[in-house]
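> The sequence and its predicted three-dimensional model are supplied below.
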Amino acid sequence: MGSDKQARAAAISTNQESWQRARRPEQKQQRQSAIVAAARTLVDDGGVEHATLSAIAKSAGISKANCYRYYESREAILLDVFLQEAQDHTRCVVQALSAHVGSNDVDATATIIVRNTVARPRLLNLVSVLWSVLERNISEALITDFKRQFHTLSAEWARIINLVHPKLTQQQAEVFASCHLMFISSAWQAANPPPAVAAVMQRAEFCGSRIEFQPLLQAHTLNLLKGMLAEH
């Protein structure tokens, strides 16, 4: 057992040295990918609060100081994870909704969006703390770049919603995309409370107040779309 620990320590030490020597652009990209992969796993295993900078560095097999060579803060790392997840989510939703262009099929739209959203707990965990945690402790330059990339994704959502439901104006499609994001942020937190709250909500007197995320999101998405379309 002692020899295994020594071998692991030696491997980490060697890895740290190699990170310090990284100079070429492809090496930097490789290092950033390793840091993001470590953060992604930590979020999956224990939530955003579990993905501290120290834990990310340890999981990636590097020193905490070396993380700062590639990211300015823990929040910057998690924003990178968030963007990658949001890009993949957007691509899947756009692809699925493309088969319904011009249909005005509210049920199909809601089903596709909800199905693709609930399948991504990692993204949901990050969305739930986007404004309160992730957009803090980062530079103005970084948040500007993040906002620009996120705006592009929001525009893709608005575009496909507008194509499927041409009765909606572009502005309404943009409002739908924004409302969807803000709703899942709060609803996911409410449906996944801290352990003590979750234990209390299991009691018979509170069972009627428990929140189930998927049916709640399904109802909200349907009602929001129907309400917007009813204006026309």
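Now that the structure is in, tell me what you want to look at.

> hey, let's count contacts and neighbours off CA atoms from now on
Fine.

> mind checking the backbone torsions on His165?
Phi and psi for His165, reported as degrees, to the nearest 10, are phi -120, psi 80.

> okay, now it: neighbour count?
21 (other C-alpha atoms under 10 Å).

> Could you pull up the residues touching it?
Applying C-alpha atoms under 8 Å, 6 or more residues apart in numbering, we find His165 in contact with 101-105.

> With Thr111 instead?
Counting by C-alpha under 8 Å, 6+ apart, Thr111 has contacts Gln218.

> which of the residues in whichever strand or helix holds it are buried?
Assessed by DSSP states H and E, Thr111 sits inside helix 106-118. Buried residues in helix 106-118, counted by 16 or more other C-alpha atoms under 10 Å: 106, 108-110, 112-114, 117-118.

> can you check stretch 130-144 too?
Buried, per 16+ other C-alpha under 10 Å, within stretch 130-144: 130, 133-135, 138, 143.

> how many neighbours does the closest residue to Val200 other than its chain neighbours have?
In this structure, Val200 finds its nearest non-sequential neighbour in Phe206, 7.4 Å apart by C-alpha to C-alpha, 6 or more residues apart in numbering. Counted with other C-alpha under 10 Å, residues neighbouring Phe206 total 10.

> can you tell me which residue is nearest the centre of this protein?
Nearest residue to the geometric centre of the chain (C-alpha atoms, centre = their mean): Leu123, 2.7 Å.

> I'd assumed Ala86 was in contact with it.
Yes: at 6.9 Å, Leu123 counts as touching Ala86 under the criterion of C-alpha atoms under 8 Å.

> check contacts around Leu163.
101-102.
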